[in-house]
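Please work out how this folds:
(2 chains)
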Amino acid sequence: MPHEEAAVEHVKHQAHELPNLITLLHENFEHAPVVQFLHQWENILFSLVAISLLGMLALGGAKANRLIPEGVQNLFEAIVEGITGFVTGILGEQGEKHVPFLGTLFLYILFMNWIGLVPLMKSPTSAWSTTIAVGLITMFYVQITGIREQGFFNYLKHVAGNPSNGFGIVLIPLMLVLNIILEFGAVPFSLSLRLFANVSSEDRLLFNFASLDVARPFLPLFFQLFANVLAIIFSMVQAFVFMLLSTVYLSLVMPHGDHKHEDHGEAAGHPAH
Amino acid sequence: MDFFKQNIVPGEVLIQLVAFLVVFFTLKKLAWKPVLTALEDRRKRIQDEFAHLEKTRQELEALRADYASKLQKIEDEARLKIQQTIEEGRRIAKDIQDRARSEAQETFEKSKEHLSVEVAKARVTLKQEIAALALQVAEKVIGEKMTEELHQHKAIQIIEELEKL
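You can find the predicted model right below:
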């Protein structure tokens, strides 16, 4: 029975994405302890590759520090400008301090999404473990920002649904449970599941077109090329959506926006007003 | 639950958490902050440069206007001085002419006066000579020696008679 389970696990693991360097090694040197170790932690290893590339871009871009930017510096500064403009467009000028977090989030996810499109590589974001980690960090960052920006008492008030009358006070237990589930559970869950599902679906799509190529040469190649172009675009869109939603969550806990009025209808009781 | 167990590996989640945090703090310190600061510095520098350029342009414009007004003033002054010099020249010429005219008139008057005096002198001399001549003629005619007083008296008498004629 354990042998059957292992076989099923093996088939499950292999069936949904193109083979990468480590799965090829694992197929050929299945019993080598090093290969087993690499196979077990392949997502981490490919994450390290993506992190290295991200580090080369970001640190290379920052290190140059020329007055007239060129090459990597130019690229990285354009990215920083773009992200800063986007974030401050939503959060206002005070959102600039969140640019490092949101920018890192965007580039981290983008590099992890894109690296799967390189032959013999894998997207670490096609594993839920990777995306849930990023989702949890986002959730913690948002909540810590909420406490910092609003103060602990107002943050608690916000979690309790900003009660301003007797009815609001009666509803505190319900709102508390709802907000805790929404902000501590639903946020990382939805963020991570969306990213994981999209990226793994892209990988499955590419894998299936590649299978068609093997079965019927030439014609499906166009579909695979098309799917690759789509995957490049959607990988960027997914990273962008992750950053956008994180920015929106941040704007919801910051004490300035008009969304407070719309969401709770209790702007009068809000500390920032 | 099997789906969660199958897809979420706690060890991997933990490592990914740590990895992201390390990446975030590293990039925040070494990439984001320096680049954001550099961009802000560059923006400020460009703004300052533009402000400085605008200030210099305004200064140049003011200098140009000042220079033009000074040039205009100098031209006006030069024109005025030329005008004054011309007036002065005219005035001097007129003075010279007036002076020359008055001097000429004066010389003419003096000459005329001098001439009158000379004519008067000549008249007196002529009278005396005529008197002497007449005396000599009378002496010859009368044949007597006349005294000086008588002589004078008669001569003048004859002259006056002659003048009456």
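
Give me the buried positions along the helix or strand hosting residue A:229.
Here residue A:229 sits within helix A:219-253, counting by DSSP states H and E. Neighbour counts over helix A:219-253 (16 or more other Cβ atoms under 10 Å in any protein chain shown) mark A:220, A:223-224, A:227, A:231, A:234-235, A:238-239, A:241-247, A:249-251, A:253 as buried. Just so you know, the C-beta spots here come from the backbone N, C-alpha and C atoms, and that holds for glycine as well.

Packing partners of it?
Here helix A:219-253 touches helix A:71-91, helix A:99-115, helix A:128-150, helix A:187-215, helix A:259-264, going by 3 or more Cβ pairs under 8 Å, 6 or more residues apart in numbering or on different chains; DSSP states H and E.

Going by mean pLDDT, which of these comes out lowest?
Lowest mean pLDDT within those: helix A:259-264, at a mean of 43.

Need the CA coordinates for stretch A:147-160. CSV is fine.
Extracted as CSV, the C-alpha positions of stretch A:147-160 are listed here (Å, rounded to 0.1, in the frame of the first residue of the first chain):
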residue,chain,number,x,y,z
ILE,A,147,-2.0,49.4,14.5
ARG,A,148,0.8,51.9,13.7
GLU,A,149,-1.3,54.3,11.7
GLN,A,150,-4.5,54.2,13.8
GLY,A,151,-3.1,53.5,17.3
PHE,A,152,-3.9,50.3,19.2
PHE,A,153,-7.2,51.4,20.6
ASN,A,154,-8.6,52.6,17.3
TYR,A,155,-7.3,49.5,15.6
LEU,A,156,-9.3,47.4,18.1
LYS,A,157,-12.3,49.7,17.5
HIS,A,158,-11.8,49.1,13.7
VAL,A,159,-11.7,45.3,14.2
ALA,A,160,-14.8,45.6,16.4
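
what separates it from the chain centre, distance-wise?
26 Å (Cα atoms, centre = their mean, to the nearest Å).

which residues sit in contact with the nearest residue to residue A:254 once chain neighbours are set aside?
Nearest residue to residue A:254 in three dimensions, chain neighbours excluded: residue A:149, at 5.1 Å (Cβ to Cβ, 6 or more residues apart in numbering or on different chains). Contacts here follow Cβ atoms under 8 Å, 6 or more residues apart in numbering or on different chains; on that basis residue A:149 touches A:253, A:254, A:255.

got a list of what the nearest residue to the first one once chain neighbours are set aside touches?
When you say that, I think you mean residue A:253. Leaving out its chain neighbours, the residue that sits closest to residue A:253 by Cβ to Cβ, 6+ apart is residue A:146, at 3.3 Å. Listed by Cβ under 8 Å, 6+ apart, the contact set of residue A:146 reads A:155, A:158, A:253, A:254.
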